[in-house]
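Q: fold the following.
(one chain, ligands or ions: 2)
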Amino acid sequence: MRLGCIGDDFTGSSDLGNTLTKAGMRVVQYSGVPEGAAGDEDAAVIALKSRTIPAEEAVAQSLAACDWLLGQGAEQLLFKYCSTFDSTDAGNIGPVAQALAERLGEDRVVVCPAFPGAGRTVYQGHLFVNDQLLSRSGMEDHPLTPMREPDLRRVLAPQTDWDVAHIGAEVVWQGAEAIRAALGGPRAMVLVDAVRDGDLVAIGRAAAGRKLVTGGSGIALGLPANFGISPGDAAKWHGEAGPCVILSGSCSRATRGQVARHLEAHEGREATAEAVLGGLKAAELADWATGRDCPLIYSSADPATVAAAQAAHGREKVAGAIEGLFAELAGLLAERGVTRIISAGGETSGAVVAGLGAEALEIGPEIAPGVPALRVRGRPLVLALKSGNFGQEDFFARAAGVLDAR
Ligand SMILES: Nc1ncnc2c1ncn2[C@@H]1O[C@H](COP(=O)(O)OP(=O)(O)OP(=O)(O)O)[C@@H](O)[C@H]1O
Ligand SMILES: O=C(O)[C@@H](O)C(=O)CO
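A: Numbering: from 1, shown residues only. Ligands and ions are numbered 1, 2, ... in the order given. Below is the predicted model of the structure:
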């Protein structure tokens, strides 16, 4: 293994797997730290569900993943977080990055969530989503990690004991050597500007030989070349015939648009927070889904509805109940012969994958920027795990098509 990766959620991990696969690496995504040894992949991505858990648990899980990856021979580690830098007030990006750096003996850590292909750019230390600052992008209303500060230096500083430094675009645009020089210096988390893929390739090149890099999936664009790997043939892929069901727990703007679009031509069943907390049964939803054409089961709701449910019941309780329902439902659907499952939302997808008992995922073709088709290793089951803000408006129908045996 050349590159060992730790993703703080499941959709983000498959986003990273997609980038590495397109760059020519053989990649396996593991659900948590595997019990056994890795295969002969160039890169392993250990998907954790550590974005919103208490910081000390996120650190412990990430260090366990780090130790396993080092034990498999990984030469460099990549900590993947969200391109919108999703974090709670307590972390977990700073605490995990710092703990990994200290374990690895690294004292300058690249921090770069930019993913220009999905509209996320970092300029003058500020994160933009398309033409809006992060704080006006819809992320300010996120159910678990509302992002109200677009200056990432200010987001990161309270999350780490280390200094926070910044490499601006004017240095990045001078290329890899200039970035490498700027990466020298006293111990710090180093936020690096990047507004286009070429910037990320240069940053990746400048990070050759570093034990740790951190970022969104974009930070991986330049890394495979450091190991002498270049884009090759697309991985062989075949989909699955058989029923398809869509599960959506993401409340992002993009997902709500996709839900509305899918419901124009398909049947849907809403699982409201009230219904779920009131005891709505996974088995009832599985019964309902049976025999329908790409049905959609969703808890996705607008910010006012989410806020009202959280005010009435508590943020964690609502999220836990909804995720628990999706996990159980996914397991039941697979038992009943559903072969294609599309899930929207990182936390939701973590629950879905856990419910499926899927230990290792192989990466297939890209459905939308940042979203690959996935196959559960050794089973007739294919998945798409869509990050909340990713995907075209007709993403669900497109994903169903890519996952289908053709
Ligand atoms: N109707 C609802 N009311 C309150 N909370 C909800 C509701 N529907 C879903 N949730 C919770 O909101 C959270 C949504 O997070 P999730 O990560 O799944 O989506 P996302 O944040 O849009 O995606 P990503 O993390 O990929 O950006 C989950 O914990 C989910 O259980
Ligand atoms: O980086 C992103 O935006 C995604 O891969 C993700 O992590 C969203 O949950």
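Q: now whichever strand in the chain runs longest: how far from the chain's centre is it?
A: Using DSSP state E, we find that the single longest strand of the chain is strand 360-368. Mean C-alpha position of strand 360-368 versus that of the full chain (C-alpha atoms, centre = their mean, to the nearest Å) differs by 13 Å.
Q: is ligand 1 contacted by that strand?
A: No - Strand 360-368 does not reach ligand 1 (C-beta under 6 Å from any ligand atom); its nearest approach is 12.8 Å. Any C-beta I mention is one placed from the backbone N, CA and C, and that applies to glycine too.
Q: now do the residue in the chain positioned nearest to ligand 2 against Gly215, distance only.
A: Nearest residue of the chain to ligand 2: Gly12, at 2.6 Å (C-beta to the nearest ligand atom). Using C-beta to C-beta, to the nearest Å, one gets 11 Å for the distance from Gly12 to Gly215.
Q: intersection of neighbour lists for the two?
A: Counting by C-beta atoms under 8 Å, 6 or more residues apart in numbering, the common neighbours of Gly12 and Gly215 are Lys80, Tyr81.
Q: helix or strand next in line after the longest helix along the chain, which one?
A: Ranked by residue count and defined by DSSP state H, the top helix of the chain is helix 315-335. Later in the chain than helix 315-335, the nearest helix or strand by DSSP states H and E is strand 340-344.
Q: pull the residues that contact that following strand.
A: Strand 340-344 is contacted by residues 11, 239-240, 242-250, 255, 258-259, 298, 300, 326, 330, 333-334, 349, 352-353, 356, 381-386, 388, 391, 396, 399-400, 403-404 when judged by C-beta under 8 Å, 6+ apart.
Q: apply 6 Å and report the result again.
A: The contact list for strand 340-344 (C-beta atoms under 6 Å, 6 or more residues apart in numbering) reads 240, 244-248, 250, 255, 349, 352, 382-386, 396, 399, 403.
Q: and it with helix 315-335, angle?
A: 170 degrees (axes from the mean of the first three to the mean of the last three C-alpha atoms, to 10 degrees).
Q: and the longest strand of the chain, what does it pack against?
A: Using 3 or more C-beta pairs under 6 Å, 6 or more residues apart in numbering; DSSP states H and E as the contact test, the elements touching strand 360-368 are helix 10-22, strand 27-31, strand 371-376, helix 395-403.
Q: who are the packing partners of the last one?
A: Helices and strands in packing contact with helix 395-403 are listed as helix 253-263, strand 340-344, strand 360-368; criterion 3+ C-beta pairs under 6 Å, 6+ apart.
Q: just put the ones you listed in TSV and tack on mean pLDDT.
A: Compiled in TSV, those are given as follows (pLDDT from 0 to 100):
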stretch	mean pLDDT
helix 253-263	97
strand 340-344	98
strand 360-368	94
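Q: most neighbours per residue, which of the ones you listed?
A: Of all these, strand 340-344 has the most neighbours on average by mean count of other C-beta atoms under 10 Å, namely a mean of 30.
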